[in-house]
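In: Could you work out the structure for the sequence below:
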Amino acid sequence: MPKIPEQVEKILDNALVCSFTCIDGKNRPITHPLLPLYDKTQGKLYFTSSILFSKKLEHIKNNPKVSVLFSNRRHIPNISDEEFHVVLIKGDAVVDETDIHHGWEKLIPLWQRKEPYIMAFIKQRIALPLFWERAVIEVEPRKIYVWEHGDMNRDPILYEVV
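Out: Numbers count the residues shown, from 1 in each chain. Have a look, this model is predicted:
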């Protein structure tokens, strides 16, 4: 299992939004705001994507190199200003579409920790069935850049994740 620094885990555990960047078919970066779900036991980040918005899924399948940026202090509640750091993760992504109806449900406990109200939406999923047909994006971190206290005028600390 990859070793993620504790100061980074705190950001991953608390962030409600991150900037997820993949590369499109024309070799251009495409960035999406996504809800990051961090599984400490696996040392991996997870995201879900409705198959209605599948372009990013195709981009990832064609080029699994992605980056995930945590840079907006407002999107990371429950941490002090002292604990805030800008974090950039570069990693390899895999798209799992083997069970779009139920495969993503394994992430519900992680999702519910960040958005407790999600259970009310899930209970009503019959109303928006295509929205709830979801692929899982799994990101294995390879390099982590940390700008302590959000100070991007200084060089980041680089962690190689093995």
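
In: in stretch 24-44, what's buried?
Out: For stretch 24-44, burial by neighbour count (16 or more other C-beta atoms under 10 Å) applies to Leu34, Leu35, Pro36, Leu37, Tyr38, Gly43, Lys44. For every residue, glycine as well, the C-beta is placed using N, CA and C.

In: Tyr46 is in contact with the fourth one, correct?
Out: Yes: with contacts defined as C-beta atoms under 8 Å, Leu37 counts as touching Tyr46 at a distance of 4.3 Å.

In: immediately after the helix or strand bottoming out on mean pLDDT in the chain, which helix or strand?
Out: When each helix and strand of the chain is scored by mean pLDDT, DSSP states H and E, helix 118-123 comes last, with a mean of 68. Using DSSP states H and E, the helix or strand that follows helix 118-123 in sequence is strand 134-148.

In: State the mean pLDDT of that following strand.
Out: Computed over strand 134-148, the mean pLDDT rounds to 96.

In: Neighbouring strands - and their directions - for it?
Out: Next to strand 134-148 in the sheet, as set by DSSP bridges, lie strand 44-50 (antiparallel), strand 85-96 (antiparallel), strand 157-160 (antiparallel).

In: Make sure Glu58 is indeed in a helix.
Out: Yes: using DSSP: H, G, I helix; E, B strand; the rest coil, the secondary structure at Glu58 is a helix.

In: Mind putting the buried residues of stretch 24-44 into JSON lines with secondary structure, pLDDT and distance to Val161?
Out: Formatted as JSON lines, those follow (DSSP: H, G, I helix; E, B strand; the rest coil; pLDDT from 0 to 100; distance: C-beta to C-beta, whole Å):
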{"residue": "Leu34", "secondary structure": "strand", "pLDDT": "96", "distance to Val161": "20"}
{"residue": "Leu35", "secondary structure": "coil", "pLDDT": "95", "distance to Val161": "22"}
{"residue": "Pro36", "secondary structure": "coil", "pLDDT": "97", "distance to Val161": "16"}
{"residue": "Leu37", "secondary structure": "strand", "pLDDT": "97", "distance to Val161": "18"}
{"residue": "Tyr38", "secondary structure": "strand", "pLDDT": "97", "distance to Val161": "13"}
{"residue": "Gly43", "secondary structure": "coil", "pLDDT": "93", "distance to Val161": "8"}
{"residue": "Lys44", "secondary structure": "strand", "pLDDT": "96", "distance to Val161": "10"}
